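Student: Starting from these lines, generate the structure:
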Amino acid sequence: MGDGRRRPRAVAEGRLQRGLQCIRFLAVTLIAAGCAGIVGYEPLGLEKADRSYKTYPVVFTIGNNQQRATIYYKATEHQGRVKACGYLLSRELTGYGVRMANSLLDAGTFSLGDDAIGPSAFVRLKNTGRDDYDAEAYCVLFNTLWKDLYSTASPKFGAQYQRVIY
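Tutor: Next up, the predicted model:
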């Protein structure tokens, strides 16, 4: 190939090398940012729920149907940041309603008072045992710094559903 044209294999190898450089740059950037910084929280795993969990009753409207549910949650200070644990309990949600509830919570924002803390995706539907508190809650540590007013602040789980006061 003495006519100045690159061989197809050389072209492909050049593109591969440039692609690998981009991937390396992206990987280094993500590591430097810290994965927790990207999603806004670090997963902490499961915690046994107890009576210290507060309740947040909601109604999901699915077509002409209204299905009640309750979010059980707890927000506390941990390492100077907001730790939140929670789960969703409903004896009415089934099938599509479960998927819709999880999608809304995935897309929503957990707030305390007027402050957006982070994604509400940590709240998941649970089946409980003997009573409503016989469950394990999923816990996360948000990047948001703890403020004393959060211990008494009203929560919001910013998704498209209706808050209900029983």
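Student: in the sheet, who's paired with L89?
Tutor: Beta bridges link L89 to T70, judged by DSSP bridges.
Student: isn't it right up against K126?
Tutor: Yes - contact criterion Cβ atoms under 8 Å: L89 and K126 qualify, at 6.2 Å. Where you see a C-beta, it was placed from the backbone N, CA and C, and this is true even at glycine.
Student: Pull up the overlap in contacts between the two.
Tutor: Common contacts of L89 and K126 (Cβ atoms under 8 Å, 6 or more residues apart in numbering): A135.
Student: and the gap between E47 and A137?
Tutor: 5 Å (Cβ to Cβ, to the nearest Å).
Student: Okay, buried residues for stretch 51-61 please.
Tutor: For stretch 51-61, burial by neighbour count (16 or more other Cβ atoms under 10 Å) applies to 53, 56, 58, 60.
Student: Any chance of these in JSON lines with distance to L149 as columns?
Tutor: Formatted as JSON lines, the buried residues of stretch 51-61 follow (distance: Cβ to Cβ, whole Å):
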{"residue": "Y53", "distance to L149": "20"}
{"residue": "Y56", "distance to L149": "18"}
{"residue": "V58", "distance to L149": "23"}
{"residue": "F60", "distance to L149": "29"}
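Student: Taking those residues together, which two end up most distant?
Tutor: Spatially, the most separated pair among the buried residues of stretch 51-61 is Y53 and F60, at 20.2 Å (Cβ to Cβ).
Student: re the thing from before, quick one: mark the members of the buried residues of stretch 51-61 that sit in strands.
Tutor: Counting by DSSP state E, the buried residues of stretch 51-61 place 56, 58, 60 in strands.
Student: Could you find the closest non-adjacent residue to Y138?
Tutor: Spatial nearest neighbour of Y138, chain neighbours left out: F122 (5.1 Å); criterion: Cβ to Cβ, 6 or more residues apart in numbering.
Student: State the distance from that neighbour to R68.
Tutor: Separation of F122 from R68 (Cβ to Cβ) stands at 21 Å.
Student: Tell me which of these two has more neighbours.
Tutor: F122 (22 against 15; other Cβ atoms under 10 Å).
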